[in-house]
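Visitor: fold the following and give me the result.
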Amino acid sequence: MTVQVQLVRFALVGVVNTGTYYGLYLVLLTRLPYVAAHVVAFALSMVGSFFLTSYFTYKTRPTWRKFLLFPLTNAANFIVTTSGVYLLVDVLHFGSRYAPLIAAAAAIPITFVVSRTIMLRPEPARRAAQVERDVNVSRVG
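Guide: Now for the predicted structure:
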């Protein structure tokens, strides 16, 4: 699968994740205060996003290590979008109404790179086994 296909799939997962978050938020809002509804909806949608990203975007096996590192993609997104909104509004004097949309679009490639690094990086045990195989092959050859 090409990187371009992965990027399109990544964006689709983002759309699904946003819809999932918002739907969960609205449902939870009927029973919880808005902050609690936001936190629970965000956490649940991030879990769903992890599995969609693993199986659909990269076609890779989910692991605990990847699961625990996956929130870094949200951290990267937050940093880029927050910096982007500030830059667009305070420095470039864009309207504050549309700045988050532009910043979010700009964050997609950066978040994609972070996500791809986490999801496609070999597990430590696999990496050690691959090095061992490479050493044995070079001795034979």
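Visitor: mind checking pLDDT for Val135?
Guide: In this model, Val135 is scored at 57, pLDDT.
Visitor: kindly report the same for Ser83.
Guide: With respect to pLDDT, Ser83 has a value of 94.
Visitor: count of neighbours near it?
Guide: Neighbour count for Ser83, taken as other Cβ atoms under 10 Å: 13. Every C-beta, even on glycine, is put in place using the N, C-alpha and C of the backbone.
Visitor: shift numbering so it begins at 18
Guide: Okay, using 18 as the starting number, the last item reads as Ser100.
Visitor: what are the boundaries of the helices in this protein?
Guide: If DSSP state H is used as the criterion, the helices of the chain fall at 20-46, 51-69, 81-86, 88-103, 116-137, 141-157.
Visitor: show me what the third one packs onto, helices and strands only.
Guide: Taking 3 or more Cβ pairs under 8 Å, 6 or more residues apart in numbering; DSSP states H and E as contact, the helices and strands that helix 81-86 lies on are helix 116-137.
Visitor: tell me which of the helices of the chain sits most buried.
Guide: Between those, helix 116-137 has the highest mean count of neighbours, a mean of 18, where neighbours are mean count of other Cβ atoms under 10 Å.
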